[in-house]
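Colleague: Sequence plus predicted model, see below.
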Amino acid sequence: MFSVLDIAKRTYYRYRNSEDKDYYDYLLIKEIFEESKNTYGYRRVCEGLLVKYGVIFNHKKVARIMQKYNLKPEYIKRIRPNNYKRIESNVKPNLIKRNFNVDSPNKVWTTDITYLIFNNKRLYYNIRFV
């Protein structure tokens with residue numbers, strides 16, 4: 001067994017009966033973490049320990065213990081309703097009806113602004129004046 005694990009017998013027998021020094025802290029952290037439905041990170045767990053137990057932990061220690069025992073927060077994605085449907089009451093009536101008078105150029109002004117969303121920024125593609 002020792003050759004498979006590639007450790008010395010002395011190392012195995014030294015740590016066989018030793019206690020993990022972080023185990024009791026882990027139990028407190030796990031309780032706060034599970035009360036939050038597995039959504040709290042190490043910062044909120046530190047605040048929860050202070051509020052519930054009145055115990056001050058270093059945030060680095062809480063992060064180390066959470067990483068050691070694989071306590072990873074699950075982030076909840078909020079679902080936003082899709083309000084991009086066309087509502088007929090919002091459509092403006094067509095007042096021009098393709099009747100452009102060439103004799104007076106300042107009678108009708110319209111614009112067309114096309115934009116694309118790229119990397120969460122609006123890029124304006126084409127602006128035309130008719």
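Modeller: On my side now, so go ahead. Residues are numbered from 1 along each chain as shown.
Colleague: from here on, contacts and neighbour counts on C-alpha atoms
Modeller: Noted.
Colleague: Give me the residues contacting the helix or strand hosting residue 47.
Modeller: Per DSSP states H and E, residue 47 falls inside helix 42-53. Helix 42-53 is contacted from outside by 28, 29, 32, 33, 55, 56, 57, 58, 59, 62, 63, 66, using Cα atoms under 8 Å, 6 or more residues apart in numbering.
Colleague: Tell me the one among these nearest to residue 13.
Modeller: Of all those, residue 66 has the smallest distance to residue 13: 27.1 Å, by Cα to Cα.
Colleague: Could you double-check that that closest one sits in contact with residue 72?
Modeller: Yes: applying Cα atoms under 8 Å as the test, residue 66 and residue 72 come out as touching, 7.1 Å apart.
Colleague: if you count what's nearby, which of these two comes out ahead?
Modeller: residue 66 (20 against 15; other Cα atoms under 10 Å).
Colleague: got a pLDDT number for that one?
Modeller: For residue 66, the model assigns a pLDDT of 95.
Colleague: Can you point out the helix or strand that includes it?
Modeller: Following DSSP H and E, one finds residue 66 within helix 59-68.
Colleague: Could you do residue 30 as well?
Modeller: Counting by DSSP H and E, the element that carries residue 30 is helix 23-35.
Colleague: Report the central residue of the protein.
Modeller: Among the residues of the chain, the one closest to the centroid is residue 75, at 6.1 Å (Cα atoms, centre = their mean).
Colleague: Tell me who's in contact with it.
Modeller: Applying Cα under 8 Å, 6+ apart, the residues near residue 75 are residue 39.
Colleague: did I read that right, residue 123 in a strand?
Modeller: Yes: judged by DSSP: H, G, I helix; E, B strand; the rest coil, residue 123 forms part of a strand.
Colleague: What does the pLDDT read for it?
Modeller: pLDDT, residue 123: 72.
Colleague: what's the answer for the one 5 residues further on, then?
Modeller: The score at residue 128 is 51. That number is its pLDDT.
Colleague: Now for residue 61, how many residues are close by?
Modeller: 14.
Colleague: scratch that, residue 42
Modeller: For residue 42, the number of neighbouring residues by other Cα under 10 Å comes to 23.
Colleague: quick one: low-confidence ranges for this protein?
Modeller: For the chain, the stretches with pLDDT under 70 are 81-91, 98-116, 124-130.
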